[in-house]
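[1] A predicted structure for the sequence below; I have some questions about it.
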Amino acid sequence: EGSKLLSGLLSGIAQTTYYGNADITEELLRGQLYPEAAPEEFRALRAKMGGLLQSIASADMDLNQLEAFLTAQTKKQGGITSDQAAVIAKFWKNHRVKIHESLISQSRWDNVLKNMNWRVDLKSQSRHVDQINTPVAIVEMELGRNGKESEFLCLEFDEAKVSQMLKKLSEIEESMTVL
């Protein structure tokens, strides 16, 4: 029974912390899992388990690292019991990949380039007659985050701008190669 409750608590912590589920509140977890526990007692347990889970997740511990970490936690004064360690180990084994992917997606700065299409057209209209029938590159970029709706950016480049862009991209490539 105690292991099911702790597993439920860890799932609730993962839902709020890593999966962005705002419906799971501290009050809901306490009411569903530990209704007889005093609020301060539950808050302390939730904080302890949340801290352990954060340490495990931020280090993306493999099973050997996890075992060493949890063993140290059981020997620490005010640490966890070996039964709690077993529940945490089982939980991490089942949720490691999903939590890791969530942390990766949360840590991206902003949008990522999902796709890029391009074509070359001849300009058929322009304010300046000398620009008619000159080639232009039309570049469409799909920007977005996983799970979010994409944005599309459409750019038009003349030959000079394409050359400038290629020069900058080649500088970036050189810098990355050096590193």
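    Alright, I've got the coordinates. Numbers count the residues shown, from 1 in each chain.
[2] what is the neighbour count of residue 52?
    Residues within reach of residue 52, counting by other CB atoms under 10 Å, total 21. Every residue, glycine included, has its C-beta placed from N, CA and C.
[3] that one belongs to a helix, doesn't it?
    Yes: under DSSP: H, G, I helix; E, B strand; the rest coil, residue 52 falls within a helix.
[4] pLDDT score for the residue positioned nearest the centre of the chain?
    Using CA atoms, centre = their mean, the residue of the chain that lies closest to the mean C-alpha position is residue 105, 2.2 Å off. Here the pLDDT value assigned to residue 105 is 75.
[5] buried ones in whichever strand or helix holds it, by neighbour count?
    Taking DSSP states H and E as the criterion, residue 105 maps to helix 82-107. Neighbour counts over helix 82-107 (16 or more other CB atoms under 10 Å) mark 84, 85, 87, 88, 89, 91, 92, 95, 96, 99, 102 as buried.
[6] now residue 138. Its backbone dihedrals?
    phi -110, psi 120 (degrees, to the nearest 10).
[7] quick check: nearest residue in space to it, chain neighbours excluded?
    residue 119 (5.3 Å; CB to CB, 6 or more residues apart in numbering).
[8] give me phi/psi at the one you found?
    Residue torsions, per degrees, to the nearest 10, at residue 119 are phi -160, psi 160.
[9] quick one: it from residue 169, how far?
    For residue 119, the distance to residue 169 equals 19 Å [CB to CB, to the nearest Å].
[10] cool, residue 91 as well?
    Counting by CB to CB, the gap from residue 91 to residue 169 is 44 Å.
[11] follow-up on the earlier one: from the contact counts, what lies against the helix holding residue 105?
    Applying 3 or more CB pairs under 8 Å, 6 or more residues apart in numbering; DSSP states H and E, we find helix 82-107 packed against helix 2-17, helix 39-58, helix 63-75.
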